[in-house]
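Visitor: sharing a model prediction with you, sequence too.
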Amino acid sequence: MRLTELRRAIDEPAVGAALYDLVRDLYPFCRSITGPGLRQTLAALAARVPLTIHEVPTGTEVLDWTVPQEWTIRDAYIRRPGGERIVDFREHNLHVMSYSTAVDATVSLQELKGHLFSLPEHPDWIPYRTSYYARRWGFCLSHRQLSELDDGEYEVRIDADLAPGHLSYGEYVVPGAREEEVLITAHACHPSLANDNLSGLALVTLLAEHLTGLELRYSYRFLLMPGTIGSITWLSRNQPAVERIAHGLVAACVGDPGGLTYKRSRRGDAEVDRAAAQVLRHRGADAKTVDFSPYGYDERQFCSPGFNLPVGSLTRTPHGQYPQYHTSADDLGFVRPEHLADSFTAYLEVLEILEGNRRYENLFPRGEPQLGRRGLYPATGGPQAEIETLGLLWVLNLSDGGWSLLDIAERAGLAFDVIARAADALAKHGLIAACPDGADSEPA
Ligand code: ZN
């Protein structure tokens, strides 16, 4: 089966339910950039696709960075001396600042407040805070809860280790006819946050599952890894694979109700940039394509000037642009199966363009070949028939070996699917012939 057939056969409600179930299953784990929660997450995903899980030792030098110590969190709480837990890691893993150092002390409210984080503008939400590279301890709690703390003494305990260990990431390759690769990644370093990290992880894992066994033009490499340090580690260890990347997408925030957003690669006009823009153009007014910026997720590393890879990022509402971002409100109620499924289909549509974007040569270029005689004119009229006919005429007219199907779709203002179907039909009737694959590829 080819990717086009897969996309046409996709059962969106079933895919949405599967994506949502995966998000829900991974939600409780306390992930960070290293440690058992990340490892548990990768192990759960490896049960679905045969991920290779890499373990890179603490202290390994990776580009300008060093693989950090591994963080293990077992328990954390704040309580009145001898009393009930007021803030409890077992109730929500966002309560402890990620990469917090251990503490076991009795402190005054005044001192405690220097280690507490809350969101006055959203008094019921717990913020998500990290301190990866500065050693400190801290708790996050709702502003309502913070305001209710009375003067007096508090017992604070964070049972955690920062010790030499490993950085873990998952990698999986689906081979295709060509050595050139499509890179698809998601970050896996946030604790119980559903849209920011879990939605992307679920989508990439299910994509990998669906692409396995397909008849593919490109090879596909899937990476599930902690943000920033994970991609830097991968880039530093995989120069030969880096050179094979022909297209790439960073998946994140794909389960919220907002419209789709594609952020272009640093190049701005890479084939993946044009393919994603083409998909979004035909997906309604709330889908938008925006220019590259050196902020966001791992596209920052893939698009750093020394790599400058053709890697964009396809999300729904971008990071930081929804109020629930990095708070406990980015939960299982914020992501919905229908949005996950819609994002999944959009990914398939972009990949479908990359897979199908060939150049053809018109074998009857002098005058139009007679389509009616070959049964290529739709039998009945109407707007759809008119679009199909236009597709045939555009492909015939521009197929001189120079124009790709994506070029034609852009110039004709038609959906890629219409152009690809027209090319299929014309090729079946011997009116056009595909140019050799690869002869036309853009350098990575
Ligand atoms: Zn984040």
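Guide: Done, it's in.

Visitor: any regions of the stretch 301-444 of the chain where pLDDT drops low?
Guide: For the stretch 301-444 of the chain, the stretches with pLDDT under 70 are 439-444.

Visitor: got the contact list for stretch 71-85?
Guide: Contact with stretch 71-85 is made by 30, 32-37, 86-90, 93, 95-96, 98-100, 106, 112, 139, 152-163, 165, as judged by C-beta atoms under 8 Å, 6 or more residues apart in numbering. In this view, the C-beta of every residue, glycine as well, is placed from N, C-alpha and C.

Visitor: 7 Å - rerun?
Guide: 30, 32, 34-36, 86-89, 95-96, 99, 106, 139, 153-162 (C-beta atoms under 7 Å, 6 or more residues apart in numbering).

Visitor: of the residues you listed, buried ones?
Guide: 30, 32, 34-36, 86-87, 89, 95-96, 99, 139, 154-158, 160, 162 (16 or more other C-beta atoms under 10 Å).

Visitor: in the protein, what residue spans correspond to helices?
Guide: 3-9, 12-26, 36-46, 109-113, 143-147, 200-211, 229-237, 239-244, 271-281, 299-302, 337-356, 383-398, 405-412, 416-428 (DSSP state H).

Visitor: can you pull the pLDDT of the nearest residue to Ile158 once chain neighbours are set aside?
Guide: Spatial nearest neighbour of Ile158, chain neighbours left out: Ala76 (4.4 Å); criterion: C-beta to C-beta, 6 or more residues apart in numbering. Note for Ala76: predicted pLDDT of 98.

Visitor: and the strands in the stretch 1-150 of the chain?
Guide: Secondary structure of the stretch 1-150 of the chain (DSSP state E, counting those that start in this stretch): strands located at 52-57, 61-62, 65-66, 70-79, 85-88, 103-108, 116-117, 139-140.

Visitor: contacts only, for Leu6.
Guide: Counted by C-beta under 7 Å, 6+ apart, Leu6 has contacts 210, 214, 348.

Visitor: is it correct that Ala18 is in contact with Leu206?
Guide: Yes - taking C-beta atoms under 7 Å as the definition, Ala18 is a contact partner of Leu206 at 6.2 Å.

Visitor: middle-most residue in the protein, spatially?
Guide: Ala251 (0.9 Å; C-alpha atoms, centre = their mean).

Visitor: look up how far Gln110 lies from that residue.
Guide: 44 Å (C-beta to C-beta, to the nearest Å).

Visitor: then Tyr262?
Guide: Distance of Tyr262 to Gln110, computed by C-beta to C-beta: 48 Å.

Visitor: higher neighbour count, these two?
Guide: Between Tyr262 and Gln110, counting by other C-beta atoms under 10 Å, Tyr262 is the more crowded of the two (23 against 8).

Visitor: my read: the more buried one touches Arg274, true?
Guide: No - with contact defined as C-beta under 7 Å, Tyr262 does not reach Arg274; the gap is 10.4 Å.

Visitor: quick check: Gly268 touching Thr289?
Guide: No - Gly268 is beyond contact range of Thr289, at 10.4 Å (criterion: C-beta under 7 Å).

Visitor: redo the strands of the stretch 1-150 of the chain as TSV? Include distance to Arg24.
Guide: Formatted as TSV, those follow (distance: least, C-beta to C-beta, whole Å):
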stretch	distance to Arg24
strand 52-57	22
strand 61-62	33
strand 65-66	33
strand 70-79	22
strand 85-88	22
strand 103-108	32
strand 116-117	26
strand 139-140	22
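
Visitor: highest mean neighbour count out of the ones you listed?
Guide: strand 139-140 (a mean of 26; mean count of other C-beta atoms under 10 Å).

Visitor: name the helices or strands packed onto it?
Guide: Applying 3 or more C-beta pairs under 7 Å, 6 or more residues apart in numbering; DSSP states H and E, we find strand 139-140 packed against no helix or strand.

Visitor: give me the contacts around that strand.
Guide: Residues outside strand 139-140 that contact it (C-beta under 7 Å, 6+ apart) are 78, 87, 94-97, 115-117, 126-129.

Visitor: these: which two are farthest apart?
Guide: Maximum pairwise distance in the contacts of strand 139-140, criterion C-beta to C-beta, is 17.6 Å, between Ile78 and Tyr128.

Visitor: tell me how the chain divides into domains.
Guide: Here the domain parsing of the chain from automatic domain parsing is 3-67+175-354, 74-163, 359-434.

Visitor: which one of those lies closest to Tyr169?
Guide: Comparing those by C-beta to C-beta, domain 3-67+175-354 comes nearest, at 3.5 Å.

Visitor: gap between the closest one and the chain center?
Guide: Centroid separation between domain 3-67+175-354 and its chain, computed with C-alpha atoms, centre = their mean, to the nearest Å, is 2 Å.

Visitor: end to end on that domain, go ahead and measure it.
Guide: Taking C-alpha to C-alpha, to the nearest Å, domain 3-67+175-354 runs 10 Å from one end to the other.

Visitor: how near is the residue lying farthest from the centre of the chain to His429?
Guide: Largest separation from the mean C-alpha position in the chain: Arg373, at 47.1 Å (C-alpha atoms, centre = their mean). Per C-beta to C-beta, Arg373 is found 10 Å from His429.

Visitor: how about Gly402?
Guide: Gly402 is 22 Å from His429, by C-beta to C-beta.

Visitor: hang on, the earlier thing: number of residues surrounding the closest residue to the residue nearest to the centre of the chain other than its chain neighbours?
Guide: Leaving aside its sequence neighbours, Ala251 sits nearest to Gly200 (C-beta to C-beta, 6+ apart; 4.0 Å). Number of residues near Gly200 (other C-beta under 10 Å) recorded here: 28.

Visitor: verify the stated contact: Phe416 with Gln278.
Guide: Yes - judged on C-beta under 7 Å, Phe416 makes contact with Gln278 at a distance of 5.6 Å.
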